[in-house]
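Asker: When you get a sec, could you give me coordinates for this:
(chains A and B)
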Amino acid sequence: MTTSTTPASAGTRAGAEVRLESLRRSYGAVPALDGLDLVLHPGELVALLGPSGCGKTTALRLVAGLEDADSGRVVVGGRDVTRLPASRRDMGMVFQAYSLFPHMTSLENVAFGLRLRGQAARERHRRAGEVLELVGLSAQADRYPHQMSGGQQQRVALARALAIQPTVLLLDEPLSALDAKVRAQLRDEIRRVQLEVGITTLFVTHDQEEALAVADRVGVMNSGRLEQVGSPTDVYHRPATPFVAEFVGLSNKLPATVADGSAEVLGVRLPLVDPRAEPGAALAVVRPESVGLTPAEGDGPLVGTVVATSFLGAVSRVRVDLGPVGTVLAQLPTAEAGRFAPGARARIGLRPEPVVVVRPHE
Amino acid sequence: MTSSRATGSRLSWIGAVPFLGYVALFLLLPTSLVVVQSFADAQNRPTLANVRFLAEPYVVSAFGNSIALSAVSAVIGAVLGAVLAWVVATGHPDGTLRRIATAVCGVLAQFGGVTLAFAFIATVGTQGLLTLLLQDLGLDLAGPWLYRLPGLVLVYSYFQIPLMVLVFLPALDGVRPQWREAVETLGGSTWQYLRHVAVPLLTPAFLGALLLLFANAFAAYATAAALISQGGVIVPLQIRTALTSEVLLGRENVGKALALGMVLVVAVAMYLYARVQARGARWLR
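Answerer: I've put the predicted structure just below:
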């Protein structure tokens, strides 16, 4: 990964606050966005995370002005831009698919927004060169999109969006078309540039790892509504709703009994994320990394048979069949997981971390 | 492994053998015969006499007419066809309009020859339905214009326009909506999008289609032959005269020299077509 010193003039204007107020949008009878309220603080990167069709891209397109809201407001830096066309909203956008103009070089692509603003050729090329340097692509200035890799193209797209010094940066799944390694690299690159430039950024993605890795705050969306907005740690460890608990990260659903502000799961008392949960039978959502394994012999309520292991590099996942309870997924350091080959007997242990409980029918 | 891959690569040519055989038999062989016999007399002795005919004023005039007819009908077909293709492309990709338009264009692009000539004679010929109808209204369409170059331009446009729709539609489909949205978010207007992005991107495809339409019209024979029974106003009709004239005998090889001239013109058009297509395909793939 190329890292470069930020040229002072490559930055945008200071980040602005962005307020989405009760945004609604329907396609025919199907509501895509059902009253979205969200505030992006100046210079903050907020990721909208959710499954396909949850409304996250619709939200971004309403902010960009590429679609009109049925109701609600988009306010940027105190100015209501809801009725402004996209061309007058002063927002930079990076699209999901490669959207570079194929008949222009990298430099021409980056300079294009400045050309539209009537800036002189020398000045716009100087500035485009600075922004290309910011994304580490100075050496590719004369290349056409078809001569560059997907990752390079998206970096040029980022540079093009930043070159006009927008007040807000919008990223519409910019990494989804890239392979895993490039995706991780570019993800970090986007975050580095965003922090250096200090621009308020809305990042839409369906990839939870991506959202948790780059965002100051993550908004988890489901069926056109925000289920939770919080720091990546909060969203992961203290999910506000069963949907968030299940959507973000892997989880086991284990039978539990809620009483006195805690849940008894497989004979272990665990604290609750929401102590106000109703007493009674429930399912506890337990992260695989909260499950420990020790080698065991014989039988017992917490002893089962390893049915599968998955190697993921530094960690591995081990699935254990507990009989009537079902299977439990544990995540262990790979060095430990080597002791649990399929067919081996293992004892389950639960770490005393707060859990979310859902009613069995949810 | 490497050996079996190499064998597979060699065997992959087998599937192309029928096509290559077809091309050899119906393109390369006739073209070779045309080239060789253009430089031979009736006794197959070498001569330049046939190609000297290409400089005769009436032959030059026929080439000029053919090129003018092809160019005008190609421009008309390309412009109107591009507009029609744009209308189709802006509709739903699986919509009824697109399905009907592509099906109709597929038929009309191949609807040439005697049938097409008759359709026009029956409609706007001297005793055509529309001609008589307009005569009743005081408008006189009658006259020999249908059987001259203006008539050929009209009739050729009939199959050039749908051909353009079929050829240009994939290029329009290749224009990504994100490009327009990118221009919008960068502060550009629709006019700026057209000027700086859409038109430059589509120009190679448009020029390529224009050249294809030119070649299509330049090589057309049956429609013109059905409309114009006498004389050689365009090159294909000159070739007909050379091959079938009962007045001037033994001019078959002159016909082949005329065909050689046509081959050269079409070859230039196709070379240019390949060049612009390569550029456009790279951008719009």
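Asker: In space, what's closest to A:V315 - neighbours in sequence excluded?
Answerer: Once flanking residues are discounted, A:V315 sits nearest to A:Q331: 5.5 Å by CB to CB, 6 or more residues apart in numbering or on different chains. Where you see a C-beta, it was placed from the backbone N, CA and C, and this is true even at glycine.
Asker: mind checking the SS state of that neighbour?
Answerer: strand (DSSP: H, G, I helix; E, B strand; the rest coil).
Asker: ok, now which ones touch the residue nearest the centre of chain A?
Answerer: Nearest to the geometric centre of chain A sits A:A211, at 1.9 Å (CA atoms, centre = their mean). If you count contacts by CB atoms under 8 Å, 6 or more residues apart in numbering or on different chains, A:A211 has them with A:47-49, A:203, A:205, A:218, A:232.
Asker: Return the subset of those lying in helices.
Answerer: A:P232 (DSSP state H).
Asker: picking that back up, so what sits opposite the residue nearest to A:V315 in the bridge?
Answerer: Counting by DSSP bridges, A:Q331 forms beta bridges with A:R317.
Asker: Report the contact partners of it.
Answerer: Going by CB under 8 Å, 6+ apart, A:Q331 touches A:250, A:287-289, A:291, A:315-318.
Asker: How about A:R287?
Answerer: A:R287 sits next to A:249-252, A:331, A:353 when contact means CB under 8 Å, 6+ apart.
Asker: Please tell me the pLDDT value assigned to the residue nearest to the centre of chain A.
Answerer: pLDDT, A:A211: 94.
Asker: Ignoring the adjacent residues along the chain, who's closest to it?
Answerer: Leaving out its chain neighbours, A:A211 is closest to A:A47 (CB to CB, 6+ apart), at 3.8 Å.
Asker: you'd agree the one you found is up against A:M221?
Answerer: No. Using CB atoms under 8 Å, A:A47 is not in contact with A:M221; the gap is 10.4 Å.
Asker: What number of neighbouring residues does the nearest residue to A:G280 once chain neighbours are set aside come out with?
Answerer: In space, and not counting its chain neighbours, A:G280 is closest to A:V258: 6.0 Å by CB to CB, 6+ apart. Counted with other CB atoms under 10 Å in any protein chain shown, the neighbours of A:V258 add up to 20.
Asker: and the gap between A:V258 and chain B?
Answerer: Here the distance between A:V258 and chain B works out to 49 Å (CB to the nearest CB, to the nearest Å).
Asker: how about that residue, what does it touch?
Answerer: Contacts of A:V258 (CB under 8 Å, 6+ apart): A:272, A:277-282, A:357.
Asker: Out of these, which two sit at the greatest distance?
Answerer: A:L272 and A:A281 (14.4 Å; CB to CB).
Asker: List the contacts of the residue located most distally from the centre of chain A.
Answerer: Farthest-out residue of chain A from its mean C-alpha position, per CA atoms, centre = their mean: A:G298, at 43.5 Å. Contact analysis of A:G298 by CB under 8 Å, 6+ apart lists A:R345.
Asker: do B:A222 as well
Answerer: Counting by CB under 8 Å, 6+ apart, B:A222 has contacts B:112-114, B:117.
Asker: The residue nearest the centre of chain B: helix or strand, and which one exactly?
Answerer: By CA atoms, centre = their mean, chain B has its centre lying nearest to B:N216, at 1.7 Å. Assessed by DSSP states H and E, B:N216 sits inside helix B:199-219.
Asker: Report the distance from that helix to the chain centre.
Answerer: 9 Å (CA atoms, centre = their mean, to the nearest Å).
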